Structures are given as C-alpha cells and as structure tokens.
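In: Next comes the sequence, and after it the predicted model I'd like to discuss.
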Amino acid sequence: MPRLVNIANNAGLVSKLVNPRLSKMPAFTLFGARGSTNTDRVRLTLAEGSFTDYEIVLLDLQKGEQKSDQHMKRHPWGKVPVIVFPEGFTLYESRAICKYLARKYSFPLLPPDSDVEAVALFDQAQSAEILYFADSAGKIAFEKFAKRFMGLPPNEAVVADALRSINAFFDVAEGLLQHNDYMAGKDFTLADIYYIPLIQRLFACGYGDVILGRKAVGAWWDRCINRPGIQIVLAADREALAAARR
Ligand SMILES: N[C@@H](CCC(=O)N[C@@H](CS)C(=O)NCC(=O)O)C(=O)O
C-alpha cells in the first residue's frame, strides 16, 4: 500500500501517498482527498484493474486547498478528483476518469465497443446512477456525514426527502436485480463501482437497511464488495481510519 508523506506546494502542506514499490516516475498523479466519495470511485476502479503505478496527492478540503490557484488550473470548479499525466494530460469528473482509465489500461470493467447493445445498457445504467441515485445519496452523505465534521446540524427535512427518493430508486433496482446480477447486465462493470462510495456513506450514516432490507439489492451489494480489488481499498481505508484514531 502507498506510504503517506507530506509535501509543500503553494496551496500549503499536502499529503502524498507514495507507492514504495515504484522506482520510476508514476504513470500519473491522482489529486484527491481523504473521505472523498468521488476520489474513492477512482481508487476502486484502479484497484479492480490491479493498477498501482500511480501516486495520490491528498488535498485538505477543510483548508480549501482545492480552491488554490494551482489546483484551479487542474479543475476549473476547484474540486477533486483530478488525474494529471507527466506529459500534461489532465482530466476531472470521477466517472469520466474511471472510464478513461478503464479504456487506457484495458481494465475488464466496460462492455466491448463491438457489442453495441451492451454499451447502450452500460450507458443506461450509468445515467440511472447519476440522475436517480447520486444526487439523493449525496445529500444524505452531506447532511449526515460531512456536516458532522463541520460542526453543523443536519437538515432533517432534506434527509427525509432524499431518503424517500433513495427508497423509491432501490424499489425499482430490486426488480431489475432479480433478473440481472449487476447494474448493467450480467457482468460487473464501472456502473457498479460508481455506486460503492455513496452506498458506503449510507451505511456509515445508519441507512444500511436501504440495501440489506432488499433481497436482490443486498445480494448485488455482497457480490460487489466481496470482490478482491474492492476489498483491498476497503481494508486500506479501515487501516487508515484506525491509524488516525491511534
Ligand atoms: N461530479 C464531480 C464531483 C466532485 C466533487 O464534488 N468533489 C468534492 C469531494 S467528494 C469536492 O471537491 N468538494 C470540495 C468543493 O466543492 O469545494 C465528480 O464526480 O468528480
């Protein structure tokens, strides 16, 4: 697993995770943040692709390092994640990054371009996740998780409304997953990975029943999180959390 070192940049002191096995320059740098679900989407994709030839620079979002002049050049909205290649190619938006990395390094996480129906079903699953799930799950994560660290109380009306949407979403997903093992069909793809970080937040906020209370959705979740690549990231995060508490 990468080792954590601190480096100074003009945004202040940032943490850099260095893979001790890398003797040469890493293929790219992932600018992310600890506890960032959007960064985790990319980390999970890399782990599922068994790709370790990269470094992570962790920005401190509480300190506003993502709005530094230097980072605004990488991401015009001042957010993470961003990937930057030594030759300058830069990409933001977590799902675009996951898709690009899967294509560039041939991770088996996308349907083949030659199967146009499978590609269309992948696109459909991707849109459903972004448009019917991520917004409501993100609201719960912000109100019940992020606000804890800001010392702010959650807006329970926003949470109740988002929870209604999430339940309605998984009622439909329950029906779909009775016929398909994964969100885009019979194979595990990026469309499944996209859900994992925000569902983990739902569990962390005490809403795991939304998943486990539905048989087919619960079985899908088990299939996803028991994959070896996903387990590596979850174990690393558990370790980092335990180390931070010591
Ligand atoms: N749609 C973007 C969302 C990026 C995003 O909102 N990132 C959060 C961290 S999870 C962030 O940078 N927040 C700090 C800010 O908005 O200032 C993606 O998928 O990458």
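Out: Received it, and whenever you're ready, just let me know what you need. Values in this document were obtained by computation on a predicted structure and should not be read as measured data. Numbering: from 1, shown residues only.
In: State the distance from residue 245 to residue 238.
Out: When distance is defined by Cβ to Cβ, to the nearest Å, residue 245 is 11 Å away from residue 238. C-beta: built from backbone N, CA, C; applies to glycine.
In: between these two, which one's more packed in?
Out: Ranked by neighbour count (other Cβ atoms under 10 Å), residue 245 and residue 238 place residue 238 first, with 10 against 6.
In: averaged over its residues, what pLDDT does the strand or helix carrying that one have?
Out: With secondary structure defined by DSSP states H and E, residue 238 is part of helix 228-245. Mean pLDDT, helix 228-245: 88.
In: list the contacts for the closest residue to residue 188 other than its chain neighbours?
Out: Spatially, and ignoring its direct neighbours in sequence, residue 188 is nearest to residue 182 (5.2 Å; Cβ to Cβ, 6 or more residues apart in numbering). Listed by Cβ atoms under 8 Å, 6 or more residues apart in numbering, the contact set of residue 182 reads 188, 189, 191, 192, 220, 223.
In: Settle this for me: the fourth one is touching residue 222, isn't it.
Out: No. Assessed by Cβ atoms under 8 Å, residue 192 is found out of contact with residue 222, at 12.0 Å.
In: In this protein, what residue spans correspond to helices?
Out: Here the chain has its helices, by DSSP state H, at 37-48, 69-74, 94-104, 116-128, 135-141, 147-150, 156-177, 190-193, 196-204, 209-212, 215-225, 228-245.
In: quick one: buried residues of the fifth one?
Out: Right, helix 135-141. 136, 137, 138, 139, 140, 141 (16 or more other Cβ atoms under 10 Å).
In: If I look at the fourth one, what pLDDT would I see?
Out: This means residue 139. Note for residue 139: predicted pLDDT of 97.
In: Please tell me how far the residue most central in space within the chain sits from residue 219.
Out: Nearest residue to the geometric centre of the chain (Cα atoms, centre = their mean): residue 41, 1.9 Å. Using Cβ to Cβ, we find residue 41 at a distance of 22 Å from residue 219.
In: for residue 74, same thing?
Out: For residue 74, the distance to residue 219 - Cβ to Cβ - is 39 Å.
In: which of those two has more neighbours?
Out: residue 74 (20 against 14).
In: How about the contacts made by that one?
Out: Counting by Cβ under 8 Å, 6+ apart, residue 74 makes contact with 31, 82, 84, 90, 92.
In: Among those, name the ones in strands.
Out: Mapping these onto strands (DSSP state E) picks out 31, 82, 84, 90, 92.
In: Tell me how many other residues crowd the nearest residue to residue 132 once chain neighbours are set aside.
Out: Nearest residue to residue 132, sequence neighbours excluded (Cβ to Cβ, 6+ apart): residue 169, at 5.1 Å. Neighbour count of residue 169, defined by other Cβ under 10 Å: 18.
In: what do you get for residue 57?
Out: Neighbour tally, residue 57, other Cβ under 10 Å: 22.
In: My read is that it contacts residue 30, right?
Out: Yes. The pair residue 57 / residue 30 is scored as a contact, 7.3 Å apart, by Cβ under 8 Å.
In: so how far is residue 77 from the closest residue to residue 128 other than its chain neighbours?
Out: Nearest non-adjacent residue to residue 128, counting by Cβ to Cβ, 6+ apart: residue 183, 7.6 Å away. Counting by Cβ to Cβ, the gap from residue 183 to residue 77 is 27 Å.
In: Which one's more surrounded, the two?
Out: A count of neighbours by other Cβ under 10 Å puts residue 183 above the other of residue 183 and residue 77, at 26 against 9.
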